[in-house]
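Q: I'd like to go over a predicted model; first the sequence, then the structure.
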Amino acid sequence: MSGPTMAYICGAMQSLFDTSGESEALAAGAVLLRGRALPLATTLLAAIEQIAARAPFRRMTTPGGFEMSVAMTNCGQAGWLTDRKGYRYDAVDPQTGQPWPPMPAAFLALAREAAAETGYAGFVPDACLINRYEPGARLSLHQDRDEADYGHPIVSVSLGLPATFQFGGLKRSDQPRRVALGHGDIVVWGGPSRLFHHGVLGLKDGLHPSTGRHRFNLTLRQAL
Ligand code: MD3
Ligand code: FE
């Protein structure tokens with residue numbers, strides 16, 4: 001067996017058994033890379049633990065006075081914050097008075113590769129928001145509008161328990177679509193989808209071998 005026959009079989013094997021390299025368009029400018037972070041999952045989770053040792057997960061307060069059900073921390077030059085004064089990025093963690101822990105090299109590399117692969121060459125995130133969900137935690141429909149330049153995409157990495165993610169359109173009233181995001185899934189949100197409304201439904205209880213009763217989500221951004 002040689003040449004074309006071998007290539008045909010390898011092609012078939014790839015589509016049947018090897019999902020790395022596959023991508024699915026969710027919306028204009030939004031691409032799902034199913035399982036793409038799996039080879040790095042252990043590294044990413046160890047890094048999250050290190051970051052949380054210096055900048056603990058905390059439930060922040062919205063400007064309207066509600067405590068978020070999702071616990072958050074950050075790494076990188078800038079971290080996303082909310083309190084009674086509003087939403088913003090800041091170089092300093094208000095809880096410790098220290099700069100946010102540096103962005104691990106693995107976060108940067110993964111985000112750059114995912115972005116480059118989906119048409120956003122030269123993406124260099126300077127901020128990573130780390131969300132931690134426990135059963136029942138949710139994120140209501142919102143837009144990400146606190147970054148300086150919406151021309152940059154956002155790379156999101158899901159780890160642990162699966163969640164139902166919802167995304168609509170530019171108008172809050174646009175009927176949202178649902179997509180299940182599981183351990184190792186990456187989504188790159190850019191172009192027209194960058195300002196789409198999105199949220200996460202209440203996390204269903206479960207036990208994940210790598211994260212127990214938690215889901216983690218990294219959002220890597222060029223915020224400044
Ligand atoms: C669609 N986080 O932190 S990541 C957030 O799973 C956030 O924790 C969710 O929304 C989570 O702001 C969803 C996926 C995501 C991130 C940014 C987007 C989807 C997006 C920006 C525009 C459109
Ligand atoms: Fe968001």
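A: Cool, got the structure. Ligands and ions are numbered 1, 2, ... in the order given.

Q: Could you look up the SS state of the spatially most central residue of the chain?
A: The centre of the chain sits closest to residue 156, judged by Cα atoms, centre = their mean, with a distance of 2.2 Å. Recorded secondary structure, residue 156: strand (DSSP: H, G, I helix; E, B strand; the rest coil).

Q: which residues in this structure form helices?
A: 3-17, 41-54, 105-117 (DSSP state H).

Q: picking that back up, ok, what's across the strand from the residue nearest to the centre of the chain?
A: Taking DSSP bridges as the rule, residue 156 bridges to residue 187, residue 219.

Q: Contacts only, for it.
A: By Cβ atoms under 8 Å, 6 or more residues apart in numbering, the contact list for residue 156 reads 186, 187, 188, 189, 217, 218, 219, 220. The C-beta positions use only the backbone N, C-alpha and C, and glycine is treated the same way.

Q: from those, which is closest to residue 195?
A: Closest approach to residue 195 among those (Cβ to Cβ): residue 189, at 9.3 Å.

Q: ok, residue 175 to residue 69 distance?
A: 24 Å (Cβ to Cβ, to the nearest Å).

Q: These two: which has the busier surroundings?
A: Between residue 175 and residue 69, residue 69 has the larger neighbour count (other Cβ atoms under 10 Å), namely 16 against 8.

Q: since we're on the nearest residue to the more buried one once chain neighbours are set aside, how many residues are nearby?
A: Excluding the flanking residues, the one nearest residue 69 by Cβ to Cβ, 6 or more residues apart in numbering is residue 137, at 4.1 Å. By other Cβ under 10 Å, the residues close to residue 137 number 19.

Q: again with residue 46
A: 12.

Q: what does the one 10 residues further on give?
A: Residue 56 has 12 neighbours, counted by other Cβ under 10 Å.

Q: Check what pLDDT it gets.
A: pLDDT for residue 56: 98.

Q: who touches it in this structure?
A: Counting by Cβ under 8 Å, 6+ apart, residue 56 has contacts 73, 95.

Q: near ligand 1, which residues of this structure?
A: Listed as neighbours of ligand 1 in the chain under the rule Cβ under 6 Å from any ligand atom: 129, 131, 139, 144, 154, 156, 165, 167, 187, 189, 193-194, 196, 198, 200, 217, 219.
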